[in-house]
Every structure is written in structure tokens, then in C-alpha cells.
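K.L.:
give me coordinates for this.
(one chain, ligands or ions: 1)
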Amino acid sequence: MLYSDKVMDHFNNPRNVGVLDEPDGVGEVGNPVCGDVMKISIAVQDDRISDIRFQTLGCGAAIATSSIVTEMARGMTLADAVAITKKQVADELGGLPPAKMHCSVLATDGLKKAVDDYLVSHGREPIAVGTIAHDDPDFDPHAEEHEDACDVEEA
Ligand code: FES
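P.N.:
This is a model prediction of the structure:
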């Protein structure tokens, strides 16, 4: 089986789907090559993520990683949430095929953007800026030499 049982579980029964009615922060990120898009909304209390929802239009790995990220981030401090790595996401899911590792970056980047959106909209300094892969013009998940090269054909 290409995907772990946990990946399949989160794909078939994604947790925390939707949009918060009155979010404190929103992050949206898209993979320009495969076209997958994810949006994450957070509620914040005492610098911790008190509630979280996601919407992902994308591949099964993107949906499963988005779902698990919302479970991991709930209750975390903002600083801990932006430090979640794609490896931690993959490990939490029992592993991902190498060609699908990049899909988890969609989820971690969406979360980082939501945290920074909250901070900036409250007159504070962003803490994830500079670490968001999708903001890097050189980030290409489909690059041949990229260790996490995507298996989706370029359009
Ligand atoms: S995020 Fe595009 S193929 Fe998975």
C-alpha cells in the first residue's frame, strides 16, 4: 500500500474541515504547478491556537496533511505552530511517499501564513516570514533535483 492507514483515515475522514466564522487569522497558499490550494483559519487565545479549520482543494496527501496539521496545531503556542516541519507532519501520519512529501508543505505554509496574518493584523511582528517555502520564488516542488520532487506532470 502506497499510503499508510493513517493517511487514508485523514483523507477519508478529514478533521476540522471548514472556515471559522470569525477567524483571528487566515492563511492561504497554492502550489502553482499542480494547482492545489489550501486555506486555514485560526482562532487565538493567549498566543495559543484555540480553534482551527481548513479547506483544501487538492490531492489526497494534501488533504491528509492539512487535516493532521490542524490536529497537531490545536492548543499549540503560535511559535510552536510555525515551527512544525513537513517531516513532523509526515511522521505523524506514519510516513508519506517521497514524491508526496512536498504536499505537506502546503499545510505547514498555510498555518504559518495564518499565524502571521493574526500577528500583523494585531500590530505585531510576523514570526514566520522568511520561512514560508511558497513565498520563495526559487521554491519549485517539481524541480528534478528537489528531493521531494512532485510526481505530477507540469502543465
Ligand atoms: S499538493 Fe499538489 S500534488 Fe499534492
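
K.L.:
what separation do you get for the residue nearest in space to the middle of the chain and the ligand?
P.N.:
Centroid-nearest residue in the chain: Ala107, 0.8 Å away (criterion: C-alpha atoms, centre = their mean). According to C-beta to the nearest ligand atom, to the nearest Å, Ala107 stands 9 Å off from the ligand. C-beta: built from backbone N, CA, C; applies to glycine.

K.L.:
next one: Asp117
P.N.:
21 Å.

K.L.:
next up, the contacts around that residue.
P.N.:
Shown in contact with Asp117 (C-beta atoms under 8 Å, 6 or more residues apart in numbering): 25-27.

K.L.:
what bridges to the residue nearest to it when sequence neighbours are not counted?
P.N.:
Take Asp117 and drop its neighbours on the chain: the residue closest to it by C-beta to C-beta, 6 or more residues apart in numbering is Gly25, 4.1 Å away. Beta-bridge partners recorded for Gly25 (DSSP bridges): Ile42.

K.L.:
is the ligand within reach of stretch 4-16?
P.N.:
No - using C-beta under 6 Å from any ligand atom, we find that stretch 4-16 stays clear of the ligand, coming within 11.5 Å at best.
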